[in-house]
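[1] turn this into a model:
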Amino acid sequence: MLTRLTISTLIISSLALSPVAFAKTKDKSATAPHTAPERVQCEGVFGPDVTVDMIISHFGAENVEARIEVDSVEGVPVFGTLVYGDDPDRKIAFQWFDEANTRFVSYVDLPPTLATPEGLYVGQTAAEVAALNGEPVSFAGFWWDYGGYVFLHEGGKLWNTEAPCVPMIRFAPTVEEPDVDVTTISGDVTVTSDDPLVAKVGVKVQTAGMGYQYPEGYEKASP
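    Below is the predicted model:
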């Protein structure tokens, strides 16, 4: 079990990202658009220097909850900033390296109506993601706590550590009761998007967002 946790940690440590970027999230693929949504850019309200004040100014105070529990990691609450919290098709969650003071963005979780700068969005098939990457992508096997996380840092066009933010996505099967043996894509294993079982169980992007570099000079206080 620690194998995949180690690889997930490598994704974080390669950019010094916060572990909250891997918080458990609900499946949004059911509401995903049929056409490619608008791409956001790693600037302004989606840039590395975003603040809560910028978010409020951009989206309107009535649509923003400045500090609220947005998720949990293994039962530990994760506090962030929520935009359009009552609308699943527009909800955006900002997470922060400094949760207590809601500063230094670590991760932004996008709704189905928005795409990352690279064109990744909720509802894409694994084959579509591989096409954008220029080669198959690998990810953690399904049906466990860290299932479906895609290891974009392992190669391809989509991972660029020089960019102000990097894409982070999670896959999930959409076929609830597949009539095939899924042992080889279950649990603590590495799966590649060109595995025939991936298409048979209807793997699609469940969550999509952007991760950001750890702020230089910031030292998180010990709990």
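
[2] and stretch 191-207, which residues are buried?
    Residues 191, 193, 195, 197-198, 201, 203-207 are the ones in stretch 191-207 that count as buried (16 or more other C-beta atoms under 10 Å). C-beta: built from backbone N, CA, C; applies to glycine.

[3] make CSV out of the residues you listed and add pLDDT.
    Shown next, in CSV, are those (pLDDT from 0 to 100):
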residue, pLDDT
V191, 98
S193, 97
D195, 98
L197, 97
V198, 98
V201, 97
V203, 98
K204, 98
V205, 98
Q206, 96
T207, 96
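
[4] now, which of the residues you listed lie within helices?
    197-198 (DSSP state H).

[5] would TSV of the buried residues of stretch 191-207 with distance to E128 be doable?
    Rendered in TSV, the data for those read as follows (distance: C-beta to C-beta, whole Å):
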residue	distance to E128
V191	16
S193	10
D195	16
L197	17
V198	12
V201	16
V203	11
K204	9
V205	8
Q206	14
T207	15
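
[6] G75: which of the buried residues of stretch 191-207 is nearest?
    Closest to G75 out of the buried residues of stretch 191-207 is T207 (19.0 Å), distances taken as C-beta to C-beta.

[7] I'd like to know how far E176 sits from V201.
    Applying C-beta to C-beta, to the nearest Å, the value for E176 to V201 is 9 Å.

[8] mind listing what's buried in stretch 205-223?
    205-215.

[9] which ones are touching the closest residue to G47 other than its chain neighbours?
    Using C-beta to C-beta, 6 or more residues apart in numbering and skipping residues adjacent in sequence, the residue nearest G47 is P164, 6.2 Å away. Going by C-beta atoms under 8 Å, 6 or more residues apart in numbering, P164 touches 42-43, 47-48, 212-213.

[10] the residues you listed into JSON lines, with extra columns for distance to V137?
    Shown next, in JSON lines, are these (distance: C-beta to C-beta, whole Å):
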{"residue": "C42", "distance to V137": "21"}
{"residue": "E43", "distance to V137": "26"}
{"residue": "G47", "distance to V137": "26"}
{"residue": "P48", "distance to V137": "24"}
{"residue": "Y212", "distance to V137": "21"}
{"residue": "Q213", "distance to V137": "22"}
